[in-house]
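Visitor: Provided below for reference: sequence and predicted model.
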Amino acid sequence: MKMLRTPLPNAHLSRLETCGSAELLKRFEFCLKTGTKKAEFGQLSDAWGKMFSDIYLSAEELVDEMQQGEHRLSEVHERMLREFIRADCAGTGSFVVKVIRNGGKIDRAALIMIADLEDLAGIEHNGMTAIHLLVDACDKKVRPVLIKKMGKRLLSQVYDRRGIPTIFLLFSLCDLCGDDLDAITQVFSKDELRNIMSRSRTGNTALDVFTNVAALLKRHPPLERNAFYIPAAKDTKKDGFEAPVRIERVSGAHKNRRP
């Protein structure tokens, strides 16, 4: 049985609950054609979530079907949504950032599968690109697909404000697991990982960190998002980058995210 979606919080948003997919798609199409910023079209991130939650039972179902070439939206509609995302990224990127930060698992999975992820690389929010934000927020069951879809350039040549490439953020996630490491090895060879470093070309290579993380996962299971890693109390800094050496379980919220 399909799970009920939590009602939206005010009268304007609650009206979305009565809209079908066809009407919601028209909202995106209208905004794409007109570039309108009118208030009545200002909640498109909620319309995005409502639309895909009505179509799919879970993020995993959405990703599995799209990977197998099964699409419940038409090719025309998917192309229109991809163009809408591209137009948003060419502007403020506010829609994409809202979906990533405030959306649910299905919302982000749909963004991963429909968007051209290269478009997200140009958006910066609080010192991080939208690619970094998506890696940080992505559900672990969908993350291996995201890793492979990002590919070499987005993982190794897109930097945050500190000059850290996306792959190092990936390595820092507390719920990183073996499937993620397998996905990384499908994208990069060992020699390629050895050549990935911070923008300043100092500190550990991606291969150094990959090897460390792989060893840690053999000794400790991945944590959930309501816990986080604390490195062991010893100096592991090398040219400004702190390598993971040991992990301890700590209770507490990692981040407030909608399921």
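Guide: Structure received.
Visitor: how near is the residue nearest the centre of the chain to D54?
Guide: The centroid of the chain falls nearest to L134 when counting by Cα atoms, centre = their mean (2.4 Å). As judged by Cβ to Cβ, to the nearest Å, L134 and D54 stand 23 Å apart. For glycine as for every other residue, the C-beta is placed from the backbone atoms N, C-alpha and C.
Visitor: So which elements touch the host helix or strand of the residue nearest to the centre of the chain?
Guide: Element membership for L134 (DSSP states H and E) is helix 130-137. Of the remaining helices and strands, those touching helix 130-137 by 3 or more Cβ pairs under 8 Å, 6 or more residues apart in numbering; DSSP states H and E are helix 94-102, helix 105-114, helix 143-156, helix 166-172.
Visitor: Quick one: the strands in the protein, in order.
Guide: Assignment of strands within the chain using DSSP state E yields the ranges 124-125, 128-129, 227-228, 237-238, 241-242, 250-251.
Visitor: Return the most buried member of the helices and strands packed on helix 130-137.
Guide: Highest mean neighbour count of those: helix 105-114, a mean of 24 (counted as mean count of other Cβ atoms under 10 Å).
Visitor: For it, enumerate the helices and strands it packs against.
Guide: Going by 3+ Cβ pairs under 8 Å, 6+ apart, helix 105-114 lies up against helix 44-55, helix 59-67, helix 75-90, helix 94-102, helix 130-137, helix 143-156.
Visitor: Output those as CSV; include the columns distance to T211 and mean pLDDT.
Guide: Listed next are the helices and strands packed on helix 105-114 as CSV, based on distance: least, Cβ to Cβ, whole Å; pLDDT from 0 to 100:
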stretch, distance to T211, mean pLDDT
helix 44-55, 38, 93
helix 59-67, 29, 96
helix 75-90, 35, 95
helix 94-102, 30, 94
helix 130-137, 20, 96
helix 143-156, 17, 98
